[in-house]
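Undergrad: Everything below, folded, please.
(2 chains)
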Amino acid sequence: MPVITLPDGATRDYAAPVAGTRLTADIGKRLAKDALAIKVDGVLRDLSYEIGGDAAIEVVTRGHPEALALLRHDAAHVLAEAVQELYPETQVTFGPATEDGFYYDFARAKPFTPEDLAAIEARMHEIVVRDEPLVREIWPRGKAIAHFASIGETYKAEHIESLPEDAEISIYRQGGWLDLCLGPHLPSTGRLGHAFKLLRISGAYWRGDAGNRQLQRVYGTAWETREQLEAYLTQLEEAAKRDHRRLGRELQLFHQQEEAVGSTFWHPRGWQLWRSIEDYLRRKLKDGGYLEVKSPQLYDRLLWEASGHWEKFREQMFIAESEQRMLAVKPMNCPGHVLMFRQGIKSYRDLPLRFAEFGSCHRNEPSGALHGLMRVRAFTQDDGHIFCRPDQVVSETETFCALLLEIYRAFGFEEVRVKFSDRPERRAGSDETWDRAEAALMEATEAAGLEFASNPGEGAFYGPKLEFVLKDAIGRDWQCGTFQVDFVMPERLGAVYTGEDGGKHRPVMLHRAILGSFERFIAILIENFAGRFPLWLAPRQVTVATVTDAADGYAEEAVKALQAAGLRAEADLRNEKINAKIRDLSLAKVPAIAVVGRKEADNRSVALRRLGGKTQEVLALEAAVAKLAEEARPPA
RNA sequence: GCCGGGAUAGCUCAGUCGGUAGAGCAACCGAUUUGUAAUCGGUAGGUCGUCGGUUCGAGUCCGACCCCCGGCACCA
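TA: Model (predicted):
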């Protein structure tokens, strides 16, 4: 006798097991029509699921937190049905919902074309109109394997074979089509609606393994309503407008070209931005007790063999040769810093010794991985290595985390997540060493009071690490900072200090970076601010624009006064109307425009207009200079 | 590295059936002296990614390669 409890506490008694469809129909016509699935005691089920005993029920409709994932998963199935109707020779494999849509991986000899995509999408809409019912069936394992094998669906058959022996094999019929799937699903394809769109085609490896055959992946997005779909597509366009590659060109920050693939040409304005960041960081590091150093670019292969890099990263290192010695351009700064540490005798009194370096590194990244400034072959890390005693790890971790959060805040990033990554499969150092390193980092993390998510198996080959992920203005996550506890490298490269007891001891090495790489961090800043940098970072801070050439002399004077106050100021004396100048400077995202005409020249004032603002503020020149100079001061 | 797509003036893009390259903006020159998001007129600008092939003739068709873009894989 099931007693059904609804979310509002109301109950309904049934004399016999009741299906979700019946239940929703009993509650109301409207609900019956809108229902997508039900949650029975917290477990998501098909609407057709028979509730056999007392249960707490939630009906999932559009607007429910889990509705989107259901819709997207169904969209993937509708996609698969459409593809197999149009291209029967195609095999289906997997098709999950993703964070903002869905995809389905297909196996076929001929790749899809963009025209295919349009045809598939049209067919998907037809399948929705057909309103095919989705029916769940449980099949014996053997029957399922035989069925899929017999219709040539070898990937599905292989997948079932890989499932545990006792796994329930559920099959969903969708009209005349069927697919192996865990479910749950909507009651019929009509409930999906039409708020979906196919977006792109790409290759993807079977089971995510590059050693396997490559499949054809079709990506799409699906939403509860057409308005949401439109909003999402608009948001994609907006994100594209922030693309750092585009803004980098438009704002004349940098460029990249074939002759130096994976490297960056920093133009004057981009380099100005870089230096503003570097100057700020340098000050914070100095205050934090770091000693800035500069280590070599090229090292003998013997060093990389000793550090373990040669074994693990040889393929990604740039190699050079000289007089029968094999050299490699450094992909990291840490071995160099250990060599510096080893110079002279170190006492426990010298620790912690904090080296910082804006270290330029090269890694031969796979060509397909390169992406603007986000993934390059030549980059500069805000690197640092802290050599300390084991008993100093906790306090160093706390201090570092505080510094990192402060610096992120200075750049406008308030929200930061932390991931704890432990030992990877391929690693250096004994299990005992890893036990110690992980325990030490865990203790330090807890002491620092950080909330963290665990990220198993993702540590560096020489030690566990914390990864710091910040959220940008449009909600995207970027992993930037890192903090790694390393007991391995000091041992491999022979770093020691003399302890209080007069004996030799191994220092612990803490690898740390806050921005990660300048290149990537600048890309993130560009996209975060959409090119509208805060005054202290903006390469062009203020432009004095003349209304008439009668004000040219005064404009030059105003520029000099601004520059004398440390501002990056220039004059726009072009023979253009003020409207054109305002427009050009606005498009160039110059934060402040000081307009000067006859009036201003006569009474030594400026009409200050802010980027994006509609109004202006007339100030005495001295007042404007003081105001802007104050605003342009970097964070403390 | 793998799959797919792309590359034409500084930028954004057009270029039909293979017939010898075009627009807007930017640049430059001139006129205009302008009051808060595009003043008007003129001039110049191209080895159509590179190399090779087919053809009387290639931006266009074919092949190889380079680079870029979207994913996948990778990411110390």
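
Undergrad: Report the mean per-residue pLDDT for stretch A:158-167.
TA: The pLDDT scores in stretch A:158-167 average 93.

Undergrad: and the end-to-end length of it?
TA: 14 Å (CA to CA, to the nearest Å).

Undergrad: now what about stretch A:249-261, what contacts it?
TA: Residues from elsewhere that reach stretch A:249-261 (CB atoms under 8 Å, 6 or more residues apart in numbering): A:247-248, A:262-270, A:273, A:367, A:370, A:372-373, A:377-378, A:522, A:526, A:531, A:539, A:587-589. Placement of C-beta: from N, CA and C, glycine included.

Undergrad: ranges for the strands of the stretch 501-636 of chain A?
TA: A:504-505, A:508-517, A:542-546, A:569-572, A:592-596, A:605-610, A:616-620 (DSSP state E, counting those that start in this stretch).

Undergrad: Ok, which of the ones you listed comes nearest A:Phe468?
TA: Taking CB to CB, strand A:508-517 is the member of the strands of the stretch 501-636 of chain A nearest to A:Phe468, at 7.9 Å.

Undergrad: average pLDDT for that closest one?
TA: Rounded mean pLDDT across strand A:508-517 is 97.

Undergrad: helices or strands up against the host helix or strand of A:Ser395?
TA: Assigned by DSSP states H and E, A:Ser395 belongs to helix A:393-410. Applying 3 or more CB pairs under 8 Å, 6 or more residues apart in numbering; DSSP states H and E, one finds that helix A:393-410 contacts helix A:268-287, strand A:378-388, strand A:416-421, helix A:431-447, strand A:465-471, strand A:477-486, strand A:508-517.

Undergrad: now it against strand A:508-517, angle please.
TA: Calculated by axes from the mean of the first three to the mean of the last three CA atoms, to 10 degrees, helix A:393-410 forms an angle of 10 degrees with strand A:508-517.

Undergrad: Now do helix A:393-410: distance to the chain's middle.
TA: Centroid separation for helix A:393-410 versus its chain: 21 Å, with CA atoms, centre = their mean, to the nearest Å.

Undergrad: buried ones in it?
TA: If you call a residue buried by 16 or more other CB atoms under 10 Å, then helix A:393-410 has these buried ones: A:393-394, A:396-401, A:403-405, A:407-408, A:410.

Undergrad: ok, back up a step: closest to A:Ile319 out of the strands of the stretch 501-636 of chain A?
TA: strand A:508-517 (21.7 Å).

Undergrad: and A:Thr380, what does it touch?
TA: Contacts of A:Thr380 (CB under 8 Å, 6+ apart): A:358-361, A:517-519.

Undergrad: Most tightly packed of the strands of the stretch 501-636 of chain A?
TA: Highest mean neighbour count among the strands of the stretch 501-636 of chain A (mean count of other CB atoms under 10 Å): strand A:542-546, with a mean of 27.

Undergrad: contacting residues for the nearest residue to A:Gly566 once chain neighbours are set aside?
TA: Closest residue in space to A:Gly566, ignoring its immediate chain neighbours: A:Ala629 at 6.2 Å, by CB to CB, 6 or more residues apart in numbering. Shown in contact with A:Ala629 (CB under 8 Å, 6+ apart): A:565-567.

Undergrad: From A:Leu567, how far off is A:Ala629?
TA: 6 Å (CB to CB, to the nearest Å).

Undergrad: do the same with A:Asn455
TA: The value you get for A:Asn455 to A:Leu567, if CB to CB is used, is 44 Å.

Undergrad: Compare those two (neighbour count), which wins?
TA: Each of A:Asn455 and A:Leu567 has its neighbours counted (other CB atoms under 10 Å); A:Leu567 has more, 20 against 16.

Undergrad: my guess is that one meets A:Leu628, correct?
TA: Yes: with contacts counted by CB atoms under 8 Å, A:Leu567 reaches A:Leu628, the gap being 5.7 Å.

Undergrad: How about the contacts made by the residue of chain A found nearest RNA strand B?
TA: Of all residues in chain A, A:Gly368 sits closest to RNA strand B, with a separation of 1.8 Å (CB to the nearest atom of the strand). With contact set as CB under 8 Å, 6+ apart, A:Gly368 has no partners.

Undergrad: about what we covered before: make TSV from the contacts of A:Ala629 and add pLDDT to it.
TA: Conversion of the contacts of A:Ala629 to TSV gives the following (pLDDT from 0 to 100):
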residue	pLDDT
A:Ala565	98
A:Gly566	97
A:Leu567	98
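
Undergrad: among those residues, which are within reach of RNA strand B?
TA: On the criterion CB under 7 Å from any atom of the strand, none of the entries of the contacts of A:Ala629 sits beside RNA strand B.

Undergrad: any idea which of those residues is closest to A:Gly20?
TA: For these, the nearest to A:Gly20 is A:Leu567 (66.7 Å; CB to CB).

Undergrad: List the backbone torsions phi and psi for the nearest residue to the closest one once chain neighbours are set aside.
TA: Counting by CB to CB, 6+ apart, A:Gln541 is the residue found nearest to A:Leu567 once chain neighbours are left out, at 5.1 Å. Note on A:Gln541: backbone dihedrals following degrees, to the nearest 10 are phi -90, psi -40.

Undergrad: ok, A:Gln541 touching A:Val625?
TA: No: assessed by CB under 8 Å, A:Gln541 is found out of contact with A:Val625, at 11.4 Å.

Undergrad: Now the common contact residues for these two.
TA: Going by CB under 8 Å, 6+ apart, residues that sit against A:Gln541 and also against A:Val625 are A:Leu567.

Undergrad: And the helices in the stretch 201-350 of chain A?
TA: Per DSSP state H, counting those that start in this stretch, the stretch 201-350 of chain A carries helices over the ranges A:226-241, A:244-250, A:268-287, A:301-307, A:309-313, A:334-341.

Undergrad: how far does the first one sit from the chain's center?
TA: Distance, stretch centre to chain centre, for helix A:226-241: 19 Å (CA atoms, centre = their mean).

Undergrad: With only the CA atoms kept, save it in CSV.
TA: Extracted C-alpha coordinates of helix A:226-241, given in CSV (Å, rounded to 0.1, in the frame of the first residue of the first chain):
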residue,chain,number,x,y,z
ARG,A,226,14.3,28.7,-26.5
GLU,A,227,15.0,31.9,-24.6
GLN,A,228,17.7,30.1,-22.6
LEU,A,229,19.2,28.7,-25.7
GLU,A,230,19.3,32.1,-27.3
ALA,A,231,20.9,33.5,-24.2
TYR,A,232,23.5,30.8,-24.2
LEU,A,233,24.4,31.5,-27.8
THR,A,234,24.6,35.2,-27.1
GLN,A,235,26.9,34.4,-24.2
LEU,A,236,29.1,32.4,-26.5
GLU,A,237,29.4,35.4,-28.8
GLU,A,238,30.2,37.6,-25.9
ALA,A,239,32.9,35.3,-24.7
ALA,A,240,34.3,35.3,-28.2
LYS,A,241,34.5,39.0,-28.1
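
Undergrad: and it, anywhere near RNA strand B?
TA: No: Helix A:226-241 does not reach RNA strand B (CB under 7 Å from any atom of the strand); its nearest approach is 8.4 Å.

Undergrad: List the buried residues of that helix.
TA: Of the residues in helix A:226-241, A:229, A:232 count as buried by neighbour count, 16+ other CB under 10 Å.

Undergrad: what is the rounded mean pLDDT of that helix?
TA: Averaged across helix A:226-241, pLDDT comes to 92.

Undergrad: packing partners for that helix?
TA: strand A:196-205, strand A:214-222.

Undergrad: what's the angle from it to strand A:196-205?
TA: Using the same axes, to 10 degrees: helix A:226-241 against strand A:196-205 is 50 degrees.

Undergrad: residues in contact with helix A:226-241?
TA: A:100, A:194-197, A:221-223, A:246, A:474, A:527, A:530.
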